[in-house]
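Novice: using only what follows, build the 3D model:
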Amino acid sequence: MVLTHEDFSRPSVFEVKAADPPQTRPERNFRWLPIIAIGVVVIVWGVGPPTTKLITAPPLVVTCIRFGLSAPFLLVLLWLRGSSLRLLVIKKTALPGICFGINLIFVVATLQEATVSVLAVIGAMNPALLLMISVPLLGERASLRQLIFTLVGVAGSVVVILGAGSELRSSWLGVIFSSLSLVTFSAYFVLTRKARSDSTSDIDPIEWMAGINIWAFLATVPPVILLAGRKDWAEFGGNDWLWMAIVAFITGVFGHVLMTWVHGHMEVARSSLYLLTMHLVAIGLAWPIHDEAMTITQGIGGLVVLGAVATVIATPASGGVKAR
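Specialist: The predicted structure is shown next:
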């Protein structure tokens, strides 16, 4: 039998077929991980305001102690992981860290001048504000559907909060402090998202929050030295340590590290809308803890918020976020 060239080029029955390349996980399966993570953040951050309101010491003292606990804790976490805080990260976290420190001073001050609902009503403006500034600052795009339901979600949050009626109590100082907390938190939020979405740097969330907390602590030191006296420090004690531990390590360290990770996977306009639901958690907890009762109107507004958030979750993202 004579073998021809065609016989050699024909595949043999004994030839081993190359294995198919491993299947990669579809992007749309991965996109649920940030949504699940932000769901945890919603609960953890929702616990923050009613717990913070239980602390009776002056705002400057509370904020200084809070960051005085969380900053070294995060540095220890980095050390246990065999890493350290880099100079590059220290520089990048300076501005957002200072904004974060000042923000918490205003949050604590608001809660000592007003009900949890007052802080929530101003905070509910955050998604609308971030939607306006995320395009020029971050280059993010929002669909018309996302824009509409963001406004619906904000409106629903306002109904939830204003539905408290006579339970909505505040002094003028409370309103001013709450407004300043909105501005400073929005600045911190956008600056963190900008750093985490930068494709030229891959910053670990724990390292990032370590830098943030160091600068936040430093931001509280000058006003504490200038404005807080020995009497103010003496007011902190007893159960304040328990509430502070929850605020510093659960709401603070765990919640913000997880949210920093989310910033690397989700546009700020979307994440800020999802965070509207934390006001439902905060107001729901303020009822049994601070006797700030909920009403039927608030329940209806809560359903509107949940519906708006669910609709935006079902809306495909713009695709501008790289998973890291």
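Novice: quick one, strands of this structure?
Specialist: With DSSP state E applied, the chain shows no strands anywhere along its length.
Novice: got the domain boundaries for it?
Specialist: The chain resolves into domains spanning 56-114+172-268, 129-169+276-314 when parsed by automatic domain parsing.
Novice: and these, which one is worst for confidence?
Specialist: In terms of average pLDDT, domain 129-169+276-314 trails the rest of the domains of the chain, at a mean of 68.
Novice: closest to I122 out of the domains of the chain?
Specialist: domain 56-114+172-268 (4.0 Å; CB to CB). Backbone N, C-alpha and C define where each C-beta goes, glycine included.
Novice: end to end, how far does the closest one reach?
Specialist: Terminal residues of domain 56-114+172-268 lie 33 Å apart, using CA to CA, to the nearest Å.
Novice: so for stretch 186-204, first residue to last residue, what's the gap.
Specialist: 21 Å.
Novice: buried ones in it?
Specialist: Going by neighbour count (16 or more other CB atoms under 10 Å), the buried part of stretch 186-204 is 186-197, 203-204.
Novice: just those now: which is nearest G82?
Specialist: Among the buried residues of stretch 186-204, and counting by CB to CB, the member closest to G82 is D204, at 11.7 Å.
Novice: give me the phi and psi for the residue nearest to the closest one when sequence neighbours are not counted.
Specialist: Leaving aside its chain neighbours, D204 sits nearest to S83 (7.3 Å; criterion: CB to CB, 6 or more residues apart in numbering). Per-residue torsions, S83: phi -130, psi 180 (degrees, to the nearest 10).
Novice: and S83, how far is that from F100?
Specialist: Computed as CB to CB, to the nearest Å, the S83 to F100 distance reads 22 Å.
Novice: higher neighbour count, those two?
Specialist: Neighbour comparison, S83 and F100: the larger count goes to F100, with 26 against 13 (by other CB atoms under 10 Å).
Novice: against F249, how distant is the more buried one?
Specialist: Counting by CB to CB - F100 and F249 are separated by 16 Å.
Novice: show me what the longest helix that the chain contains is packed against.
Specialist: In the chain, taking DSSP state H as the definition, the longest helix is helix 172-196. Applying 3 or more CB pairs under 8 Å, 6 or more residues apart in numbering; DSSP states H and E, one finds that helix 172-196 makes contact with helix 94-113, helix 116-123, helix 126-138, helix 205-227, helix 255-263, helix 268-274.
Novice: re earlier: out of the buried residues of stretch 186-204, who's nearest W215?
Specialist: Nearest to W215 among those: Y188, at 10.4 Å, using CB to CB.
Novice: now T260. Nearest residue, chain neighbours left out?
Specialist: P205 (3.9 Å).
Novice: give me the neighbour count for that neighbour.
Specialist: Count around P205 with other CB under 10 Å applied: 18.
Novice: list the contacts for it?
Specialist: Listed by CB atoms under 8 Å, 6 or more residues apart in numbering, the contact set of P205 reads R196, V257, L258, T260, W261, G264.
Novice: closest to I43 out of those?
Specialist: L258 (10.8 Å).
Novice: ok, that closest one to I206 distance?
Specialist: Computed with CB to CB, the distance linking L258 and I206 is 10 Å.
Novice: cool, and V224?
Specialist: Distance from V224 to I206, by CB to CB: 26 Å.
Novice: please apply the same query to C64.
Specialist: Noted for C64: a distance of 22 Å to I206, by CB to CB.
Novice: one more: D291?
Specialist: 38 Å.
Novice: more crowded one of the two?
Specialist: I206 (18 against 8).
Novice: wait, the more buried one sits on W79?
Specialist: No. I206 is beyond contact range of W79, at 10.7 Å (criterion: CB atoms under 8 Å).
Novice: related to what we said a few turns ago, who wins for proximity to G39 among the domains of the chain?
Specialist: Comparison of these against G39 by CB to CB identifies domain 129-169+276-314 as nearest, at 8.4 Å.
Novice: one step back: how close does the residue nearest to T260 get to L74?
Specialist: Using CB to CB, P205 is found at 10 Å from L74.
Novice: anything in contact with each of the two?
Specialist: Joint contacts of P205 and L74 (CB under 8 Å, 6+ apart) are V257.
Novice: do you know how far K92 is from G264?
Specialist: K92 is 14 Å from G264, where distance means CB to CB.
Novice: and T51, by the same measure?
Specialist: 28 Å.
Novice: same question for P288.
Specialist: As for P288, its distance to G264 is 36 Å (criterion: CB to CB).
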